[in-house]
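K.L.:
Prediction below, plus the sequence it came from.
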Amino acid sequence: PKPRAMPTAPTPSPARPPAADRAAADRYHALAAALDQGFCVVELLADAAGRVTDHRFLDANLAYEHRTGLTGVVGKTARELAPAIEQQWFDTYARVADTGEPARFTQHSPALGRWLEGQVTRVGGPGSRTVAVLFRDVSDRVRAEERLRLAQTYGGVGVWAWDVLTGDLTLEPEFEHLYGVPPGTFRTYADWAARVHPDDLPKAEAEREAALAAGRPFQVEFRARHEAGGERWLLSRGRGEYDPAGRLTRALGVSVDVTDRKRAEADLRAGERRFRAIVDQATAGVCQTDLTGRFTLVNPRYCEIVGYPEAELLGTRMQQLTHPDDLPANRAQFEALAAGGPDFAVEKRYVRKDGRPVWVANSVTAVRDPAGRLEGVVAVVLDVTDRKRAEDRQRFLADLAAATQPLADPAEVTATTARLLGEFLGVDRCCYA
């Protein structure tokens, strides 16, 4: 069939002068051109059996071309321009032409590679085979919605809204999936509350209500009974909506399954307790410092060695305890470790709180993050003061024997012994009484 003249544009009327008709047509075309949505008028084409299988474009605005990717469409048929165009479009248009009832649509066209949303309206009275289509490309929105659905489904995120005035709930299916129940199970707030652990419900409600009363977003964690058995930990975040008078009318938000995180946190706490128990019972001193040398952990034995209580040590830096004569070498070892060097062992002196020096043997190990960056060090500390004193005595006795063995004069032996003993003890004079 031949395309008819575009019926949507004003047709000449004997009652109006041609100039008026031209002005009306100009206004129509200006309006169509100004539309941001795609717009076209098409004549439906049927096959030999009477089924609509194509259409011919009678008019189309520029936005139509932008929204579909088809160009120069007027006077051509849909299958000329896109041979693989889907039959669903022609079925929709034919139904509108047959019934005269406008139809809205949101449909995917693989042939065009787009999601389109719009409305179809019959042009003319009964028997007309012409329809007008107004639509927009919603591909980005549909894809974003699909990504959101995937995130909700596979990320364990459920979206919810609660009408505070009626108690009704509006839920995405993923929300009820968190509880292991089919969609439609939770219709009211009471339905949901019955699934929350009774020990957690009062606290969760109190925290939520306090935040909503103050106009703040809220975040609560609670245990919920799962249909498959057992409990799941859920995190709920939301905010309120208020009427002009400031009264709460609705709350909406998301819920997330955080069971794995809570279990990991519990395991971590248990591991920390075991670690702390082992460290506290250790016969060696144990300490941990950050990159600045500030103590972040000390055990009771370490406190005994340096003579400080734990409360004073935490926040104090290792450098403040190290003997000034030993500090340069110790700092150089730490800097080498920070630069990626190996763990190290060192003997050095601490200055106790009472001012007395104490010799220690430290085994120092780096604490690194998963990327290998140094976060701090852990040192296992042994008090070796007695051993160092015994070694000093042995050296003194060896030096004394070596110095006095060649001497035959008792007075000279006495004088030499007194001098070496004075040096060993750090005194000016030493004599026999």
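P.N.:
That came in fine, so what should we check first?

K.L.:
drop to CA atoms for contacts and neighbour counts, all remaining ones
P.N.:
OK.

K.L.:
remind me which residues of the stretch 301-433 of the chain are low pLDDT?
P.N.:
Residue ranges of the stretch 301-433 of the chain with pLDDT under 70: 427, 429-433.

K.L.:
same thing but 90
P.N.:
Applying pLDDT under 90 to the stretch 301-433 of the chain flags the ranges 315, 331, 334-342, 366-376, 384-433.

K.L.:
Need phi/psi at G253.
P.N.:
Taking degrees, to the nearest 10, you get phi 180, psi -160 for the backbone angles of G253.

K.L.:
residues touching it, list them.
P.N.:
Each residue near G253 by Cα atoms under 8 Å, 6 or more residues apart in numbering is listed here: V159, W160, A161, S236, R237, G238, R239.

K.L.:
what are the phi and psi values for the third one?
P.N.:
Okay, so that is A161. Backbone torsions of A161, given as degrees, to the nearest 10, read phi -140, psi 140.

K.L.:
Excluding chain neighbours, what is closest to it?
P.N.:
Spatial nearest neighbour of A161, excluding adjacent residues (Cα to Cα, 6 or more residues apart in numbering): L252 at 4.1 Å.

K.L.:
How many residues are close by the residue lying closest to A228 once chain neighbours are set aside?
P.N.:
The shortest distance from A228 to any residue other than its chain neighbours is 6.4 Å, reached at G180 (Cα to Cα, 6+ apart). When neighbours are counted by other Cα atoms under 10 Å, G180 registers 14.

K.L.:
So G180 belongs to a helix, correct?
P.N.:
No. Using DSSP: H, G, I helix; E, B strand; the rest coil, the assignment for G180 is coil, not a helix.

K.L.:
measure it to G156 for me?
P.N.:
12 Å (Cα to Cα, to the nearest Å).

K.L.:
do you know how far E80 is from E227?
P.N.:
Distance from E80 to E227, counting by Cα to Cα: 56 Å.

K.L.:
Please point out which parts of whatever helix or strand E272 lives in sit buried.
P.N.:
Per DSSP states H and E, E272 falls inside helix 259-281. Neighbour counts over helix 259-281 (16 or more other Cα atoms under 10 Å) mark V279, D280 as buried.

K.L.:
Packing partners of it?
P.N.:
In terms of contacts (3 or more Cα pairs under 8 Å, 6 or more residues apart in numbering; DSSP states H and E), helix 259-281 is packed against strand 231-242.

K.L.:
quick check: angle from the strand it packs on to helix 259-281?
P.N.:
120 degrees (axes from the mean of the first three to the mean of the last three Cα atoms, to 10 degrees).

K.L.:
and for strand 231-242, what are the contacting residues?
P.N.:
Contacts for strand 231-242 (Cα under 8 Å, 6+ apart): 179, 212, 215-226, 248-259, 262.

K.L.:
Mean confidence (pLDDT) on that strand, please.
P.N.:
Averaged across strand 231-242, the pLDDT comes to 92.

K.L.:
Given it, what are its sheet partners and their directions?
P.N.:
strand 218-225 (antiparallel), strand 248-257 (antiparallel) (DSSP bridges).

K.L.:
Off-centre distance for that strand?
P.N.:
Offset of strand 231-242 from its chain centre (Cα atoms, centre = their mean, to the nearest Å): 16 Å.

K.L.:
Could you list the buried residues of it?
P.N.:
E231, R232, W233, L234, L235, S236, R237, G238, R239, G240, E241.

K.L.:
can you dump the C-alpha coordinates of it into CSV?
P.N.:
Output of strand 231-242 as CSV, limited to C-alpha atoms (Å, rounded to 0.1, in the frame of the first residue of the first chain):
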residue,chain,number,x,y,z
GLU,A,231,20.8,-16.8,62.7
ARG,A,232,22.2,-14.2,60.3
TRP,A,233,23.8,-10.8,61.2
LEU,A,234,22.2,-7.9,59.3
LEU,A,235,23.3,-4.3,58.9
SER,A,236,20.5,-1.8,58.2
ARG,A,237,21.1,1.8,57.0
GLY,A,238,18.4,4.3,56.4
ARG,A,239,16.9,7.7,56.7
GLY,A,240,13.6,9.3,57.4
GLU,A,241,11.1,11.4,55.3
TYR,A,242,9.2,14.1,57.0
